[in-house]
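[1] From the sequence below, what's the structure:
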Amino acid sequence: MQKPVLTILAAGMGSRYGGGIKQMDPVDAEGCFIIDYSVYDAMRAGFEEVIFIIKEAIAHDFEATIGARVAPHMQVRYAYQELSKLPSGIAVPEGRVKPLGTTHALLCAEEAIAGRPFAVINADDYYGPEAFRLLYSFLSDPAQADAHLAVGYRLANTLTDHGSVNRGECVVENGLLTSISERLGITKAPGGAQYQDAAGNAVFLPADTTVSMNCWGFRPELFPFLRARFEANLAAGLAANPLKYEDLLPDAVYAAIRSGNARVRVLPTHESWFGVTYHEDKPLVMEKLRALKAQGVYRERLWS
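    Predicted structure coming up:
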């Protein structure tokens with residue numbers, strides 16, 4: 001079995017972060033980003049190669065910072081998610097600048113992944129060391145070769161004090177993911193969290209609800225389904241919402257499960273997420289990383 005590679009979704013625009021490129025905002029005195037900690041945890045778990053999916057517009061700055069820090073320790077590849085990478089006959093709507101979603105991002109990295117098992121994470125989320133150990137162990141296990149993986153987080157461990165978040169609510173039966181529903185605008189509530197449904201009603205979610213944080217382990221056999229679904233839905237999606245339509249990976253995975261094209265095992269983690277969804281989150285992220293260094297989870301200077 002080929003060794004798994006780490007794939008990082010880093011082409012997002014960070015609109016809720018005030019228009020800045022949040023993936024490239026230092027969170028410690030060394031100048032590291034959250035993405036540095038993910039790559040470092042992945043390396044310790046056994047990953048030897050990372051593929052960054054970025055936009056060409058930030059390639060120079062990205063390669064000069066995170067790329068330069070990681071390259072002495074892991075093999076680094078880049079894939080570029082661009083609006084120009086569309087199926088034949090599909091044109092980019094006038095005024096469209098937003099990327100086409102996380103499914104499209106993965107399709108842009110298919111050549112770099114080159115038929116190997118691969119993990120997928122977001123660039124701006126902290127997942128914790130255990131998540132990467134789960135990913136590497138699962139993807140390296142021949143006994144699991146017929147299944148994909150979702151690392152499941154406890155909802156209460158994935159919330160911010162400074163606004164709302166989007167999470168994939170998971171239904172798990174006998175260790176397998178049976179459904180995943182994207183819940184938008186989740187905010188903290190006593191005993192858990194809540195969001196508004198399509199009718200505007202508040203819906204409560206218990207604190208121990210299993211949620212997806214876009215922390216996946218996939219086999220390359222998923223690519224034909226992802227590509228076929230993306231191409232089948234793209235024209236109608238752009239016609240209905242030309243500036244904001246996205247093909248989101250959780251939706252694509254759920255479609256693969258429903259159609260019998262994927263079995264997705266869910267392994268729970270006790271890790272607590274944090275991230276810089278909003279500018280106000282940054283001081284808390286820095287404080288948590290300082291505490292983790294004080295506990296010996298990370299070295300004071302991560303890459304030295």
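
[2] What ranges does the stretch 151-300 of the chain have for its helices?
    223-240, 249-258, 282-294 (DSSP state H, counting those that start in this stretch).

[3] Tell me which of the ones you listed is the most buried.
    helix 249-258 (a mean of 20; mean count of other C-beta atoms under 10 Å). Bear in mind the C-beta positions are built from the backbone N, C-alpha and C, glycine included.

[4] pLDDT averaged over that one - what is it?
    Averaging pLDDT along helix 249-258 gives 96.

[5] Next, the angle from that helix to helix 223-240.
    Relative orientation of helix 249-258 and helix 223-240, computed by axes from the mean of the first three to the mean of the last three C-alpha atoms, to 10 degrees: 120 degrees.

[6] Contacts for helix 249-258 next, please.
    Residues outside helix 249-258 that contact it (C-beta atoms under 8 Å, 6 or more residues apart in numbering) are 101-103, 106, 120, 148, 150, 168, 177-182, 212, 214, 216, 222, 225-226, 229-230, 262-264.

[7] change it to 10 Å
    The contact list for helix 249-258 (C-beta atoms under 10 Å, 6 or more residues apart in numbering) reads 9, 101-106, 120, 148, 150, 166-170, 176-182, 212, 214, 216, 218, 222, 225-226, 229-230, 233, 248, 261-264.

[8] From those, list the buried ones, please.
    9, 101-106, 120, 148, 150, 166-170, 177, 180, 212, 214, 216, 218, 222, 225-226, 229-230, 233, 248, 261-262, 264 (16 or more other C-beta atoms under 10 Å).

[9] Surely Ala193 touches Leu205?
    Yes: applying C-beta atoms under 10 Å, one finds Ala193 in contact with Leu205, separated by 4.9 Å.

[10] The two - which one has more neighbours?
    Higher neighbour count among Ala193 and Leu205: Ala193, with 24 against 19, using other C-beta atoms under 10 Å.

[11] Could you tell me what pLDDT the model assigned to the more buried one?
    Ala193 is given a pLDDT of 97.

[12] which residues does it contact?
    Applying C-beta under 10 Å, 6+ apart, the residues contacting Ala193 are 155-156, 158-159, 164-165, 167, 183, 186-187, 203-207, 209, 211.
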